[in-house]
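In: Just need the structure, nothing else, for what follows:
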Amino acid sequence: MRIRATASAALLLALCGSPSAHADGTPVITKVVVNKGKNIVVGPSTVTKFSAQITATHPAGISTAWVNLWHGADYDSFDGAMSYDVPTCTTSGKTATCTMNFQVEADTRDMTNVVSNPHAGTWHIAAFAAGKDRAQTAVYHYATTKVQRASKLTVNASPEPVKKGRKLTVTGALTRANWNTHAWAGYSGQSVKLQYRPKNSSTYTTLKTLTTSSTGKLSTTVTATADGYYRYTFAGTSTTPAATAAGDYVDVT
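Out: Predicted coordinates:
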């Protein structure tokens, strides 16, 4: 089944080869920009929008160009594709840059209503250009990008205040968007670092590395030495972006 979707997205790329070489008489795509080069990060229920730009050149001039983002093994049998508006093009001589807005559809409201968790990970960027002489270029596997499940990370150090030399318990939770249930869910089995920053410092130091529980929970103890901030930080995976909790300040007496 083909699934239409929308999201916030991904990539700055240039096609290899000389833009002036038109050996086969077709347009040449020189650059594609999708959402300023960022990966697509989608929450459990958020509405997401982004724009994409594609630049192409051709001796006869460019009539239009556009970008598709699709998921699957082959373009002819993809299982996810992101919808977009009709491109608007700015022309300079033989070259044109066309912009299209990827956005929610009125009947779907948001991306997570039409995709499921297996769609997280690698997506393909396809690029197309048409010349004013009707010559066309289609690059279905132009490049790849990531569509990721949004993540959150929390931290709490207690008791507060605490006497110097006493134990602090630092808890937290790593969660990510569940596109099947439209809610946040614990991310299990993930490596997360506990870090500490002294009160008058701007640098965090890693104290230890933990693994999230089956529900995404974190808990450990440390010895209180001085006033400062504790936080958890997660490096991210191919399906889930990095996340860092805001530092929790502890007064040591």
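
In: Settle this for me: Asp79 is touching His71, isn't it.
Out: Yes - with contact defined as Cβ atoms under 8 Å, Asp79 and His71 form a contacting pair (5.9 Å). For glycine as for every other residue, the C-beta is placed from the backbone atoms N, C-alpha and C.

In: between those two, which one's more packed in?
Out: Neighbours per residue, other Cβ atoms under 10 Å: of Asp79 and His71, the larger number sits with His71, 20 against 15.

In: didn't that one look like it was pressed against Pro118?
Out: No - between His71 and Pro118 there is no contact under Cβ under 8 Å: 9.0 Å.

In: What is the burial count for Val86?
Out: With other Cβ under 10 Å as criterion, Val86 counts 9.

In: wait, what's in contact with it?
Out: Met100 (Cβ atoms under 8 Å, 6 or more residues apart in numbering).

In: same question, Leu218
Out: Contacts of Leu218 (Cβ under 8 Å, 6+ apart): 170-174, 192, 194, 210, 212, 232.

In: likewise Thr237?
Out: By Cβ under 8 Å, 6+ apart, the contact set of Thr237 is Gln190.

In: The strand or helix carrying Ala157 packs against which elements?
Out: Assigned by DSSP states H and E, Ala157 belongs to strand 151-158. Judged by 3 or more Cβ pairs under 8 Å, 6 or more residues apart in numbering; DSSP states H and E, strand 151-158 is in contact with strand 167-178, strand 228-234, strand 243-244, strand 248-250.

In: Now render the contacts of Leu218 as TSV, adding pLDDT, distance to Lys31 and neighbour count.
Out: Shown next, in TSV, are the contacts of Leu218 (pLDDT from 0 to 100; distance: Cβ to Cβ, whole Å; neighbours: other Cβ atoms under 10 Å):
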residue	pLDDT	distance to Lys31	neighbour count
Val170	98	46	23
Thr171	98	47	15
Gly172	98	41	24
Ala173	98	41	22
Leu174	98	36	26
Val192	98	38	26
Leu194	98	42	22
Leu210	98	43	19
Thr212	98	40	22
Tyr232	98	38	26
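
In: Tell me, how many residues neighbour Thr206?
Out: Count around Thr206 with other Cβ under 10 Å applied: 10.

In: ok, it to Ala235 distance?
Out: Thr206 sits 11 Å away from Ala235, taking Cβ to Cβ, to the nearest Å as the criterion.

In: And for Thr144?
Out: 20 Å.
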